[in-house]
Every structure is written in structure tokens, then in C-alpha cells.
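Peer 1: Provided below for reference: sequence and predicted model.
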Amino acid sequence: MEETLTTLFKREEVFDTTLYIPETFEYRNSQIAEIIRAIKPGLTNNKPQNKIILGKQSSGKTTAIRKVFQTINENTQKIKTVYVNCRINDIEKEIYKRIAISLYGNKINYKMQKEELYSRIIDYCVKNNVTLVICLDDIDNIHNIHIINKMMYELLRSGESFFVKISIIAIISRPELISLLDRRVKNFFLSNEIKFPDYTKEEIYNILKKRCEKGLIHGTISDEIIYSLASYCYRESDLRSAIETLRSAVVLAEIEGSLAIEEWHIRDCLCL
């Protein structure tokens, strides 16, 4: 007898917090508008503003910048956007390498030194006459403040040295890092902070519910269980973990042969 494979997922990628970008992104309209205003001068061959995006973990900062970058990439070739996750690329050479790979693809030799990578980045901007907008996400994960100051100053100063337009959007979770930035670096940012407040419990519930509607077969999970998870997530200030917990709970339910997610599936995944 042939075994039948069933799934409770409709679109499992909806629960991928690394790659999935929601079609609609609620509760952050004003912040997204600020990011767009900062980058917009690049469309007229002017230098975009540098911005610091400030907010706790799981407050929508990364999704907002990726949503804006997606829109830019789909609508213009005048601006080249580069996203760098500093939790993964947490040393100077790796960050320059990630930027260069985003520009050149597999033409970059992984053995290149930092100075050569920097030179290739500048060459790309000059030869292609593009404005480069770099997002350094979780930059406070780089524990050496000297490296942060040196790297940001070098990139931002390149506009004056090589007549290229490079701007930085730095995503920061710990506000105390700002006071540690070198005065020369601060001068490039001035007061250009975009603040992301914590999500409310109702906002978290609505976000989780919409993910379930898009990603799960109808009837797989009840509103009560979603709200219970939202309440836990609100107390722990960790929306990302809640979305990943939903995915794990579905997998666990499938292994158990259940047709719906039960409260204990969520609790097991949260180790409660």
C-alpha cells in the first residue's frame, strides 16, 4: 500500500524568518517612509542620507529594510543596495567581502585581502555610476568598537576621496553603542535616527495570525492558541522566536499525525 504524505503547511516559507519578506508589512509605515525618504536622493544622482535604525530585537527593523531594498531593486538600477548581517559577518574583512560579493557575485576571490575588496567596491561604483546603499544589520554584534568606527568612517569618507556616493544604514539594538561612535562617524549621521518601538500584544497577535492564514491549511490552528503564543512572545519580546515556534509546532504535529496544532505542541517547542 502506497503511503500518503500530508502536510499542514500551505506555504512553509512564510515561517522562514531569514528569507521571507511579507507581501504587506503592517505597523511600520512611518518608519518605512523615513527609510525611503533617506534613500530617495539616489534616484536623482544625489547622495542618500545615512541613517541609524534603532530598536530592540524583533521590532521589525530587518524586515522593514529588506522590504524597502526589495522595492528599490525591482524599480531602479540607479541605486545598488547591499544587506550585510553582522551577526554572521562580524569581522571587517568578512563585511567587505559580503559587500563585494553582492556587487560582483562569484567573480570575487575569497582570498582577497580587505584593501583589495575595498578597492573593488569603489571601482564598481565608479564604473557603473551607481549609488551604493549598505545596510549593516546588528552592527552592535561587532564587539570591537574600533573596527566599527574605522570601517564606517572609511566607507563614508570614500565619497569625498573618490567622488562616489556611498551611504550606510546601521541597524542597532543597543542604544549605548551610539555614544561610543567616533565623533567623525557621528558627524555623518547627525540626528538621523529612525526608532522602532516594541510591538504591542495585539500587533503581535495580528502578525502571527496573518502568517498562519498565509502559511497553514485552514483550520490547522485556533485563534486561542495564536493569542496564547502572542502573549508569551509579548512577555519575552521575541516575535522572531514565536514565528519559528509556529513552524516547529506544525512539524511536530505532522510527526504525531495530528490534523491540528494543539497547545502542547507549542509548549513542547518552547520547552515549557
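Peer 2: Yep, that arrived.

Peer 1: Low-confidence bits of the stretch 101-250 of the chain, can you list those?
Peer 2: Scanning the stretch 101-250 of the chain for pLDDT under 70 picks out the ranges 191.

Peer 1: centroid residue for this protein?
Peer 2: Centroid-nearest residue in the chain, with Cα atoms, centre = their mean: Thr62, separated by 2.4 Å.

Peer 1: ok, which stretches of the stretch 101-250 of the chain are strands?
Peer 2: Applying DSSP state E, counting those that start in this stretch to the stretch 101-250 of the chain gives strands spanning 131-137, 165-172, 193-195.

Peer 1: most tightly surrounded among those strands?
Peer 2: Of all those, strand 131-137 has the most neighbours on average by mean count of other Cβ atoms under 10 Å, namely a mean of 25. For the C-beta atoms, the positions are set from N, CA and C on the backbone; glycine is no exception.

Peer 1: how about the helices of the chain, start to end?
Peer 2: Under the criterion DSSP state H, helices of the chain are mapped to 29-39, 61-75, 92-104, 114-128, 145-162, 176-180, 183-189, 201-215, 223-236, 239-256, 263-270.

Peer 1: model confidence over the second one, on average?
Peer 2: It stands for helix 61-75. Helix 61-75 carries an average pLDDT of 97.

Peer 1: Report the angle between that helix and helix 239-256.
Peer 2: Counting by axes from the mean of the first three to the mean of the last three Cα atoms, to 10 degrees, helix 61-75 lies at 90 degrees to helix 239-256.

Peer 1: relative to strand 131-137, how tilted is helix 61-75?
Peer 2: 160 degrees.

Peer 1: hmm, back to that, between the helices of the chain, which gets nearest to Asn50?
Peer 2: Asn50 sits nearest to helix 183-189 of all the helices of the chain, at 5.1 Å, using Cβ to Cβ.

Peer 1: what comes up buried for stretch 44-60?
Peer 2: By 16 or more other Cβ atoms under 10 Å, the buried positions in stretch 44-60 come out as Pro48, Gln49, Asn50, Lys51, Ile52, Ile53, Leu54, Gly55, Ser58, Ser59, Gly60.

Peer 1: quick revisit: tell me the contacts of the residue nearest to the centre of the chain?
Peer 2: In this structure, Thr62 makes contact with Asp137, Ile171, judged by Cβ atoms under 8 Å, 6 or more residues apart in numbering.

Peer 1: ok, for Thr118, nearest residue in space, not its chain neighbours?
Peer 2: No, residue 118 isn't Thr; it's Tyr. Distances taken as Cβ to Cβ, 6 or more residues apart in numbering put Tyr96 closest to Tyr118, at 5.8 Å, once the chain neighbours are dropped.

Peer 1: Need the pLDDT of the one you found.
Peer 2: Looking at Tyr96, its pLDDT reads 97.

Peer 1: Once you drop chain neighbours, what's closest to Tyr20?
Peer 2: Excluding the flanking residues, the one nearest Tyr20 by Cβ to Cβ, 6+ apart is Glu13, at 5.4 Å.

Peer 1: Arg37 now?
Peer 2: Distances taken as Cβ to Cβ, 6+ apart place Gln49 nearest to Arg37, at 7.9 Å, with adjacent residues excluded.

Peer 1: Give me the pLDDT value at that neighbour.
Peer 2: On pLDDT, Gln49 comes in at 95.

Peer 1: where's Glu193 relative to Ile32, distance?
Peer 2: 15 Å (Cβ to Cβ, to the nearest Å).

Peer 1: With Asp238 instead?
Peer 2: Counting by Cβ to Cβ - Asp238 and Ile32 are separated by 22 Å.

Peer 1: quick one, phi psi at Ile142?
Peer 2: With angles defined as degrees, to the nearest 10, Ile142 sits at phi -80, psi 110.

Peer 1: wouldn't Ile148 be in contact with Ile142 here?
Peer 2: Yes - counting by Cβ atoms under 8 Å, Ile148 does reach Ile142; the two are 5.3 Å apart.

Peer 1: What is the nearest of the buried residues of stretch 44-60 to Ile221?
Peer 2: Ile221 has its nearest neighbour among the buried residues of stretch 44-60 in Ser58, at 20.3 Å by Cβ to Cβ.

Peer 1: wait, doesn't the closest one sit right on Ser241?
Peer 2: Yes - at 7.4 Å, Ser58 and Ser241 qualify as touching, with contact defined as Cβ under 8 Å.
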